[in-house]
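*Asks:* here are the coordinates; sequence isn't available:
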């Protein structure tokens, strides 16, 4: 089991930028995930138990951690980053069917007007902190142009999807430390395979149920009789009150009432969550609109309530139907009958639930601006609570 000192060491050394290329470096291989701790979940995960189990999906992340002590705006401490999700790899210049949904709208996801209008997603999805949406949005468009993409209006890379959650309890959010070169590195570094979780990428400075939160991911593979399709989910979890935290049906937040953010009651107690859902099932936009709404049920299972100041914004896309981007003639499309969609609904709920718990389990205790500290969910105590309620899987 990896020591929690690794993230503290990164902070103490003041490393300005740590680049996460999705495939975990050797020192993270032994880091446990929720299932490793004995948290029981329903459904069969894919090979990586990640959004990258959907063929073609790639994830790249850049993590920025530097400085310590009192906040000096523009100088730090810095605890932030950016996460990029490609629907069909870095060569992606086409379109896939997509849809989005907001449970509570105190947040931002750019590009959604065209997504709703066209039913198509024509850019990667990026997640960062609230103050960095603009620079990330501009950088995605410039990255596409530099790679030979059209500089003309396309409604795709010209209107990219960029989402955010607020990391200002730990990060010098007003210092605008995410720069376009960081976005370029996240995009260029996107890969398939395992996805690093916790204090990484856009999730570096995030707080979940008043424990340390961040990036989490999970997947579900349906059985042959259900089509064998895969659903993958990635979350940036930065929401929730401690008292509502529920894991595997157990009121963990009411059992572990200490280790609250220090100082005071701050630390993202309402916060926000971004959820990205990928599937290889042949769903049309109106069906993806139905699917993406089910992520809210997964958030609710863990204890999210869509509070007033929470930005709970979700996006889903399907990698099926290769002729979506066709511009001449007639596109040939496949559609899963609505009568067969229920297993995908269930897979979305379960993968969302597990992705959030994986974010909590992966995250390390972090100290940021002005000595503000958010504690990690303690693994041993989580197991004790699950065992108390006879919910420990092993």
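*Replies:* Here it is on my side, so go on. What you see is a predicted model, and the numbers here were worked out from it, not measured in a lab.
*Asks:* could you list the low-confidence segments of the stretch 201-350 of the chain?
*Replies:* 264-269 (pLDDT under 70).
*Asks:* now do the strands in it.
*Replies:* Taking DSSP state E, counting those that start in this stretch as the test, the strands found in the stretch 201-350 of the chain are 207-208, 211-212, 214-221, 230-239, 271-279, 311-318.
*Asks:* and the third one, how far out from the chain's middle?
*Replies:* Centre-to-centre, strand 214-221 and its host chain are 8 Å apart (CA atoms, centre = their mean, to the nearest Å).
*Asks:* renumber starting at 9 from here on
*Replies:* Got it, first residue is 9 now, which makes that one strand 222-229.
*Asks:* phi first, then psi, for residue 338.
*Replies:* phi -120, psi 130 (degrees, to the nearest 10).
*Asks:* residue 74 now?
*Replies:* Residue torsions, per degrees, to the nearest 10, at residue 74 are phi -160, psi 150.
*Asks:* ok, the most centrally placed residue in the chain - contacts?
*Replies:* By CA atoms, centre = their mean, the chain has its centre lying nearest to residue 243, at 2.5 Å. The neighbourhood of residue 243, defined by CB atoms under 8 Å, 6 or more residues apart in numbering, consists of 223, 224, 225, 281, 282, 283, 284, 360, 363, 364, 367. Placement of C-beta: from N, CA and C, glycine included.
*Asks:* would you map the helices across the chain?
*Replies:* Using DSSP state H, the helices of the chain run over 13-21, 120-126, 141-154, 188-196, 260-263, 293-301, 303-310, 350-370, 387-396.
*Asks:* out of those, deepest packed?
*Replies:* helix 350-370 (a mean of 26; mean count of other CB atoms under 10 Å).
*Asks:* what helices and strands are in contact with it?
*Replies:* strand 215-216, strand 222-229, strand 238-247, strand 279-287, helix 293-301, helix 303-310 (3 or more CB pairs under 8 Å, 6 or more residues apart in numbering; DSSP states H and E).
*Asks:* got the angle for it vs strand 319-326?
*Replies:* 130 degrees (axes from the mean of the first three to the mean of the last three CA atoms, to 10 degrees).
*Asks:* can you check what angle separates helix 350-370 from strand 238-247?
*Replies:* Using the same axes, to 10 degrees: helix 350-370 against strand 238-247 is 40 degrees.
*Asks:* ok so, going back, closest to residue 64 out of the strands of the stretch 209-358 of the chain?
*Replies:* When the strands of the stretch 209-358 of the chain are compared by CB to CB, strand 279-287 sits nearest residue 64, at 8.7 Å.
*Asks:* wait, which of the helices of the chain is closest to residue 81?
*Replies:* helix 141-154 (16.3 Å).
*Asks:* what's the mean pLDDT across the closest one?
*Replies:* Across helix 141-154, pLDDT averages out at 95.
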